[in-house]
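Chemist: Give me the fold of what follows.
(one chain, ligands or ions: 2)
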Amino acid sequence: MQIEDYIKAGKIAAEVRELVRKKDWIGKTVYEICEEVEGEIKKRGAKCAFPVNASINEIAAHYTAEPNDPITIKDTDLVKIDLGAQINGYIADTAVTVCYDVQFDGLVEAAEEALANAMSMIKTGVKVSDVGRTIEATIKQRGFKPIANLSGHSLEQYTIHAGRSIPNIWSIGGFSLSETAYACEPFVTTEQAGGFVRNGQIKNIFAINSRKKTKNEEADKLLDFIWENFNMLPFALRWITKKWDEKKARELLQILIKKKAVQAYPILIEINEQKVAQAEHTFIPNDNGVTITTKI
Ligand code: MN
Ligand code: MN
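Modeler: Ligands and ions are numbered 1, 2, ... in the order given. Here you go, the predicted model:
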């Protein structure tokens, strides 16, 4: 584990997240948001670990801007901006919810408080089922619901979801934290919500599945480009259209998806279409406590 690179990536991600939190995004398009936030990450000397997610209202996660995406932020929107920086493949994954309507402040505060309470109990050996219990209790105490089928995750070099899950609810079993990197990300929704997400129709985040050749020369060229630039990490169409024109890029990407060389990830929507807030940190437990790499 390259702790220095985790720390460097974390510092950059945290700085950018705080810029995002302070900024007034009303009237901006999701395209402008994603491009600006990704620019802030690169400006500080890191690469993006994944396309910036700008998921609005009942969309809990996994929406990133299409090329020139015109969707515009309104003053009643609850926007989860989830960003990742990486140094040599060591990832910092962090998120903030921006909200300009006091009516929804409670949801945002509940997500932040659940994350803070979870962080305060972390050290090696702590059971993730207990972390989930704390997150769930914090959210319910405020009269809201956690999203049961979204969770945090272990991280490895060039791998965002490395196999272990950190639940947002109490659940039986689970493992104990070791001295490795994880992300914790409580998602909070309303009392009227189902408390679960379902897959939506839209898919605008992708990642390599296999480097097996497709026998289509142009598609294979795109596959090589993806591997060289993003490795196994997620990418967006926006990141390809700097080299291929949009029509061609969509066509080649569809071939790669069909051949299962590339996987497309659907957006995740709250089943009762209730608003969702999120907060997220990346952390590394130790015997005395925790290093929160994305803490400011
Ligand atoms: Mn994230
Ligand atoms: Mn995450």
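
Chemist: quick one, phi psi at the spatially most central residue of the chain?
Modeler: Centroid-nearest residue in the chain: residue 82, 4.6 Å away (criterion: Cα atoms, centre = their mean). Backbone torsions for residue 82, taken as degrees, to the nearest 10, come to phi -110, psi 120.

Chemist: Quick one, grab the pLDDT at it.
Modeler: We have a pLDDT of 99 for residue 82.

Chemist: With residue 227 instead?
Modeler: Reported pLDDT for residue 227: 96.

Chemist: just checking, what packs against whichever strand or helix holds it?
Modeler: Here residue 227, judged by DSSP states H and E, is contained in helix 217-230. Where contact means 3 or more Cβ pairs under 8 Å, 6 or more residues apart in numbering; DSSP states H and E, helix 217-230 is packed against strand 197-208, helix 246-258. The way it works is simple: take the backbone N, C-alpha and C, and place the C-beta from them, glycine included.

Chemist: What are the buried residues along the first one?
Modeler: If you call a residue buried by 16 or more other Cβ atoms under 10 Å, then strand 197-208 has these buried ones: 197, 202, 204, 205, 206, 207, 208.

Chemist: Who is the residue of the stretch 151-296 of the chain found nearest ligand 2 paired with across the strands?
Modeler: Ligand 2 sits closest to residue 183 of the stretch 151-296 of the chain, with a gap of 4.0 Å, by Cβ to the ion. Counting by DSSP bridges, residue 183 is bridged to residue 153, residue 282.

Chemist: Contact partners for it?
Modeler: 93, 94, 152, 153, 155, 166, 280, 281, 282, 283 (Cβ atoms under 8 Å, 6 or more residues apart in numbering).

Chemist: Would you list the buried entries among those residues?
Modeler: 93, 94, 152, 153, 155, 166, 280, 281, 282, 283.

Chemist: returning to what we had before: how about the helix holding residue 227 as PDB, C-alpha atoms only?
Modeler: The C-alpha trace of helix 217-230 is given here as PDB (Å, rounded to 0.1, in the frame of the first residue of the first chain):
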ATOM      1  CA  GLU A 217      -9.700  -2.400 -35.800                       C
ATOM      2  CA  GLU A 218     -11.100   1.000 -34.800                       C
ATOM      3  CA  ALA A 219     -12.900  -0.400 -31.800                       C
ATOM      4  CA  ASP A 220      -9.600  -2.100 -30.700                       C
ATOM      5  CA  LYS A 221      -7.800   1.300 -31.100                       C
ATOM      6  CA  LEU A 222     -10.400   2.800 -28.700                       C
ATOM      7  CA  LEU A 223      -9.900  -0.100 -26.300                       C
ATOM      8  CA  ASP A 224      -6.100   0.500 -26.200                       C
ATOM      9  CA  PHE A 225      -6.700   4.300 -25.700                       C
ATOM     10  CA  ILE A 226      -9.000   3.500 -22.800                       C
ATOM     11  CA  TRP A 227      -6.600   1.100 -21.200                       C
ATOM     12  CA  GLU A 228      -3.600   3.500 -21.600                       C
ATOM     13  CA  ASN A 229      -5.500   6.500 -20.200                       C
ATOM     14  CA  PHE A 230      -7.900   5.100 -17.600                       C
END
